[in-house]
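**Student:** Need coordinates for the following:
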Amino acid sequence: MNNLFTMKDLSTEEIHEILHTAESFAKGENWTPAKQTFAVNLFFEPSTRTKTSFEIAERKLGIDVIPFETGSSSILKGETLEDTLKTLESIGVDLAVIRHKQDAYYESLAGKFQMKIVNGGDGCGQHPTQSLLDLLTIKQEFGKFEGLKVTIVGDLSHSRVARSNTEALTALGAEVFYSGPAEWFVGDAGNAENYVDIDEAIEFSDVLMLLRIQHERHDTMMDLSAEQYHERYGLTPKREERMKPGSIIMHPGPVNRGVEIADSLVESGKSRIFKQMENGVYARMAVLRNILDK
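**Tutor:** Model prediction:
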């Protein structure tokens, strides 16, 4: 694997290999690149979890992280992303992690660089390392993917998390369902077998994966207040009481408490939200090792 742009870049065998490596890192295994390695993190959208998680992962692996602030780079002067990467490669950068608001920005970059490139999230497109940390969390909980029922709830049409997880979970043998506002379902919700009402989903789902409402990507919003959304589509305490025994709650963050999920449930016994964040470091360490150890 020279680059990681989407989950389709990984075979099921490679996914299992990365998860195995991530579990080893979680248990304290150490690894460093054979030679000095320089990395840069180019985030053109706000990020707390992903950006910081990559920086921690890089430093744990002994990678030298080169500071790069997109808000003060030559891109503001009109330089293209491709030329920025060519500049960074020319001065010795070995690895770039990129988050960009443009869907599939990486398509214009493929095959043009010796440096490794990891997609840290593109618009409404893909978020492969988020998917991998989610998979790691699910594997730790259930030890398998085959036969699990996973329901993704919320802002489906704008979610790169939903797209990446759908591809990976389906390939690994899980059943993926969707819930939330029908207007945000990609396709004909009324005739889709995998679109279910939230009150139905909570009773059969092994994993309930809630999504943030992405206000920044909406041209128009439904005429619902936060309280109304929570009551119709959110995970309320009453709904949580009817969840399947042994099931878990997940959310990629940032969490809008009292909207997608009740405040009291964010750190409840079923919640694995902060475990996901912890696993983000191990999953990203595993991706970086996979890419660099070639």
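
**Student:** Please enumerate the strands of the stretch 101-250 of the chain.
**Tutor:** In the stretch 101-250 of the chain, the segments counted as strands under DSSP state E, counting those that start in this stretch are 116-122, 149-153, 175-179, 207-210, 248-250.

**Student:** quick one, which of those is packed in tightest?
**Tutor:** strand 207-210 (a mean of 26; mean count of other Cβ atoms under 10 Å). Every C-beta, even on glycine, is put in place using the N, C-alpha and C of the backbone.

**Student:** What mean pLDDT does that one get?
**Tutor:** Here strand 207-210 scores 98 as its mean pLDDT.

**Student:** Please renumber the chain so that the first residue is 849 from this point on.
**Tutor:** From this message on, residue numbering opens at 849, which makes the last subject strand 1055-1058.

**Student:** Format the strands of the stretch 949-1098 of the chain as JSON lines; extra columns: distance to E877.
**Tutor:** Below are the strands of the stretch 949-1098 of the chain laid out as JSON lines (distance: least, Cβ to Cβ, whole Å):
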{"stretch": "strand 964-970", "distance to E877": "21"}
{"stretch": "strand 997-1001", "distance to E877": "28"}
{"stretch": "strand 1023-1027", "distance to E877": "31"}
{"stretch": "strand 1055-1058", "distance to E877": "27"}
{"stretch": "strand 1096-1098", "distance to E877": "25"}
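
**Student:** So which of those is nearest L984?
**Tutor:** Nearest to L984, of all the strands of the stretch 949-1098 of the chain, is strand 1096-1098, at 11.4 Å by Cβ to Cβ.

**Student:** if we can go back for a sec, mind checking the strands of the stretch 949-1098 of the chain for the one nearest to E930?
**Tutor:** Minimum separation from E930 across those (Cβ to Cβ) falls at strand 964-970, 11.1 Å.

**Student:** mind checking the longest helix of this structure?
**Tutor:** Using DSSP state H, we find that the single longest helix of the chain is helix 1121-1140.

**Student:** relative to strand 964-970, how tilted is that helix?
**Tutor:** Counting by axes from the mean of the first three to the mean of the last three Cα atoms, to 10 degrees, helix 1121-1140 lies at 150 degrees to strand 964-970.

**Student:** Does helix 1121-1140 pack against any helices or strands, and if so which?
**Tutor:** In this structure, helix 1121-1140 makes packing contacts with helix 860-874, helix 897-908, strand 943-948, strand 964-970, helix 976-990, strand 1096-1098, judged by 3 or more Cβ pairs under 8 Å, 6 or more residues apart in numbering; DSSP states H and E.

**Student:** Reformat these as CSV; add distance to K925 and mean pLDDT.
**Tutor:** Putting the helices and strands packed on helix 1121-1140 into CSV (distance: least, Cβ to Cβ, whole Å; pLDDT from 0 to 100) gives the following:
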stretch, distance to K925, mean pLDDT
helix 860-874, 38, 98
helix 897-908, 23, 97
strand 943-948, 18, 96
strand 964-970, 22, 97
helix 976-990, 30, 98
strand 1096-1098, 41, 98
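
**Student:** now these as a markdown table including distance to S921?
**Tutor:** Below are the helices and strands packed on helix 1121-1140 laid out as a markdown table (distance: least, Cβ to Cβ, whole Å):
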| stretch | distance to S921 |
| --- | --- |
| helix 860-874 | 30 |
| helix 897-908 | 15 |
| strand 943-948 | 12 |
| strand 964-970 | 16 |
| helix 976-990 | 23 |
| strand 1096-1098 | 34 |
